[in-house]
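Novice: this is a predicted model, with the sequence first.
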Amino acid sequence: MPETELATSLVVLDLVGIFVFAVTGALVAVRKNLDLFAAIVLAGVTGLGGGFLRDVLLGATPPAALADWRYLLVPLAAGALTFAFHPAIGRLERGITLLDAFGLALFCVTGALKAVELGVGPVPAALLGMVTAIGGGIMRDVLAGRVPVIFEGALYATPALAGAAVAVLLDRTDLPTVVVAAAGFATCLGWRLLALVRGWQAPMPRGPANV
Amino acid sequence: MPETELATSLVVLDLVGIFVFAVTGALVAVRKNLDLFAAIVLAGVTGLGGGFLRDVLLGATPPAALADWRYLLVPLAAGALTFAFHPAIGRLERGITLLDAFGLALFCVTGALKAVELGVGPVPAALLGMVTAIGGGIMRDVLAGRVPVIFEGALYATPALAGAAVAVLLDRTDLPTVVVAAAGFATCLGWRLLALVRGWQAPMPRGPANV
Amino acid sequence: MPETELATSLVVLDLVGIFVFAVTGALVAVRKNLDLFAAIVLAGVTGLGGGFLRDVLLGATPPAALADWRYLLVPLAAGALTFAFHPAIGRLERGITLLDAFGLALFCVTGALKAVELGVGPVPAALLGMVTAIGGGIMRDVLAGRVPVIFEGALYATPALAGAAVAVLLDRTDLPTVVVAAAGFATCLGWRLLALVRGWQAPMPRGPANV
């Protein structure tokens, strides 16, 4: 695949991932009975927040997405469409969860590779890949006044960390970037889908907590 | 008006806006029965948080306000005074809401023009103007453990975005900065006051949410 | 003490402080019945969040701790150990509170001195010292869905601000850094321990709040 086609494909994939994340943000707003503006803000925060957090921590400011109207238009559209058609979209829950897994797998890889590119070592790069993938969802939940859902047993962050780590490690080999990214993507997506299908949960605390 | 007088007026206006925002932050703390320190922190976060968020996203760190004792003293005073005299200040609710609209209109314009000055394009500049105006209030509500009030129907962020957009657009003409700023300010303030007087609300979701 | 031994001691102290803060984060996760991943994230946020916030506000990004595996391993270990042994660790509450006071005293001083080193004036440096010491705990509470405990009467932030201010002021004299740091540390620790022993509380609002 020529370089420019690859870049275009990446932007398209990125925008699709942002769209899906943004839909989950707007759905949370609607379910909390918040207004149209909240739906759009939560869409934007969920879709772009993880990448913004990565860029702020790396000092790569202003974040690239802030200066690209496509990256601002997509969450706006996702928020407004979800607000308008939420009963129909809400019924697609299962499909959204699958697409959300796709976004997770995408962002953990692109986030980690961007961190590598900006010069940090492999351990922080893998961590920042995970932060890119899960940061927006955490901000969405905090802004909507609920404990982040990924803290309550959903196996969500571990696949993102694994996918990011695979991408970071393979990036140190001679493999072409497409292969590196695909391997990280498949690791995260496979693990996340297995967890969904089999109902795997993260370990919960045992025994009574001495409150 | 000579240049220095204009600059002085801007600082005074800025400090007045921060004071009013800070009072709303301290009132939330008092109403949640939080302590004096919380009143001062919420005052500071509400008054300065939006500008800090803008500066961090733009990489314009450390934020100018952090290095200017006047910008630190004003929220401190607002927090302590509100804590001490909250029954009296709380009774001025209507006046505070009006002054808060003034702060909103001021910060969306100064925030947007600062973003332009720091080199970002018109769309992110307008967005960052809105973020400057509403970011502090959102942080205040999150820290106080409540869903941001501007997510629940108050017509608050849209006027800020409109005022910021007007300022950014006119700034690309030959108009003097005073006129540019005044037009953005009037757009936001007029819209916000109309919404308050007429009881306009942001659209709320229709129909049951498939929780 | 030779320069390198001092540096090593500082890193060890720093890691001990991060460990204790991280334990408090993981305990909050367990008590909210959150999963293992949440325990590790809250451990990391509590242990490192204040320093990250300081570095982001100062533009000193990426934060040094992000690039040092020891600073990432310690909260990971603290989170996992606390998750596994929480009934035993929870019973050590009193000891943890004491060690937490030690971490507070340490971080307000190191945070303030790092801010001075990065070139900000004495007032923002003292503020950022306090932010370093209390920021992680505030993030922990917001992420766990509760109002920050330091807003509800605990005398916690004032000692941190005092310790940071003492360190910043003495740093402008000719005293050796060890003495400067020790004086700030002792100010914060002494005040905090006195508050714990005597049951001192921050002032609470008087009279009914006009909600």
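Specialist: Looks like it came in fine. Numbering: from 1, shown residues only, chains lettered A, B, ... in the order given.
Novice: can you give me the helices for chain A?
Specialist: Using DSSP state H, the helices of chain A run over A:3-31, A:36-58, A:69-84, A:86-91, A:93-117, A:122-143, A:157-170, A:177-198.
Novice: for the second one, name the packing helices and strands.
Specialist: It stands for helix A:36-58. Here helix A:36-58 touches helix A:3-31, helix A:69-84, helix A:93-117, helix A:122-143, helix B:36-58, helix B:157-170, helix C:36-58, going by 3 or more C-beta pairs under 8 Å, 6 or more residues apart in numbering or on different chains; DSSP states H and E. C-beta here means a position set from N, CA and C on the backbone, and glycine is covered the same way.
Novice: between the shortest one and helix B:36-58, how many degrees?
Specialist: Which is helix B:157-170. 40 degrees (axes from the mean of the first three to the mean of the last three C-alpha atoms, to 10 degrees).
Novice: same question for helix B:157-170: list its buried residues.
Specialist: Buried residues in helix B:157-170, counted by 16 or more other C-beta atoms under 10 Å in any protein chain shown: B:157-170.
Novice: what number of residues lie near residue A:54?
Specialist: For residue A:54, the count of nearby residues is 27 (other C-beta atoms under 10 Å in any protein chain shown).
Novice: now residue A:70
Specialist: Neighbour tally, residue A:70, other C-beta under 10 Å: 12.
Novice: I figured it hits residue A:15, correct?
Specialist: Yes. Counting by C-beta atoms under 8 Å, residue A:15 is a contact partner of residue A:70 at 6.3 Å.
Novice: tell me if stretch A:117-124 is near chain B.
Specialist: No. Counting by C-beta under 8 Å from any C-beta of the partner chain, chain B has no neighbours in stretch A:117-124; the shortest distance is 13.2 Å.
Novice: ugh, wrong one, I meant stretch A:131-142
Specialist: Yes. Counting by C-beta under 8 Å from any C-beta, chain B has neighbours in stretch A:131-142: residue A:142.
Novice: show the average pLDDT along that stretch.
Specialist: Average pLDDT, stretch A:131-142: 96.
Novice: now swap in stretch A:98-105 and tell me
Specialist: In the prediction, stretch A:98-105 has an average pLDDT of 92.
Novice: quick revisit: how about the helices and strands packed on helix A:36-58, which one is nearest residue C:145?
Specialist: helix A:122-143 (8.2 Å; C-beta to C-beta).
Novice: list the helices and strands the closest one packs on?
Specialist: Right, helix A:122-143 is packed against helix A:3-31, helix A:36-58, helix A:93-117, helix A:157-170, helix B:122-143, helix C:69-84, helix C:122-143 by 3+ C-beta pairs under 8 Å, 6+ apart.
Novice: tilt between the last one and helix C:36-58?
Specialist: Put simply, helix C:122-143 runs at 160 degrees to helix C:36-58, going by the same axes, to 10 degrees.
Novice: chain center to helix C:122-143: distance?
Specialist: When distances are taken as C-alpha atoms, centre = their mean, to the nearest Å, helix C:122-143 is centred 8 Å away from the chain's centroid.
Novice: determine the angle, from 0 to 180 degrees, between it and helix C:177-198.
Specialist: Using the same axes, to 10 degrees: helix C:122-143 against helix C:177-198 is 50 degrees.
Novice: what residues does chain A put near chain B?
Specialist: A:29-39, A:41, A:52, A:56, A:59, A:61-63, A:66-67, A:69, A:72, A:83, A:86-87, A:90-91, A:93, A:142-145.
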